[in-house]
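Novice: Here you go, sequence then predicted model.
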Amino acid sequence: MAGSYVLADTIYQGKKETASRIDYHRADVLNAAVDSLLWQSLASVVVPGLVINKTVKATTWALQRRNLQKLPASFRRWGPSAVGLALIPFIVHPIDDAVDSSMNRFVRPFFQQGVKWMKQADHEEDSHESSTGHSR
């Protein structure tokens, strides 16, 4: 289910880039789609999954301590899952912000350089074709 959401948003972002202006370049569309794919994968699937998994494990470990054995078995069994589910509303914005910040610092500059290279290569190819009168 989460993978379908990630792919749907990736396609949507790519199409949105083509619809946003008449003179779009394939590099801009690729950049928008890959950026969305990576961001959604991290912010919607990977990081929340890790945070919730580790929280449930830690809660399970804590409830197995000897001094908590007197709690009802149903609480010890379902409590960790309840804690994991209750955590969701509190982790969304911090995870989104952390993924944004990380991508802005480490990934997006690299992507922007790739877009510049692709546009430059296309421009050089177009210049070569127009100067020789040949197209590839």
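Specialist: Thanks, I have it.
Novice: Just want the most central residue of the chain.
Specialist: Trp39 (2.0 Å; C-alpha atoms, centre = their mean).
Novice: Now do the helices for this structure: every range, in order, please.
Specialist: 2-20, 26-40, 47-63, 73-102, 108-132 (DSSP state H).
Novice: Output those as JSON lines; include the columns mean pLDDT.
Specialist: Below are the helices of the chain laid out as JSON lines (pLDDT from 0 to 100):
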{"stretch": "helix 2-20", "mean pLDDT": "87"}
{"stretch": "helix 26-40", "mean pLDDT": "91"}
{"stretch": "helix 47-63", "mean pLDDT": "96"}
{"stretch": "helix 73-102", "mean pLDDT": "96"}
{"stretch": "helix 108-132", "mean pLDDT": "78"}
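Novice: most neighbours per residue, which of those helices?
Specialist: Mean neighbour count (mean count of other C-beta atoms under 10 Å) peaks for helix 26-40 among the helices of the chain, with a mean of 19. Yep, even glycine has a C-beta here, placed from its N, CA and C like the rest.
Novice: For it, give me every contacting residue.
Specialist: Helix 26-40 is contacted from outside by 5-7, 9-14, 16-18, 99-100, 103, 107-108, 111-112, 114-115, 118-119, 122, using C-beta atoms under 8 Å, 6 or more residues apart in numbering.
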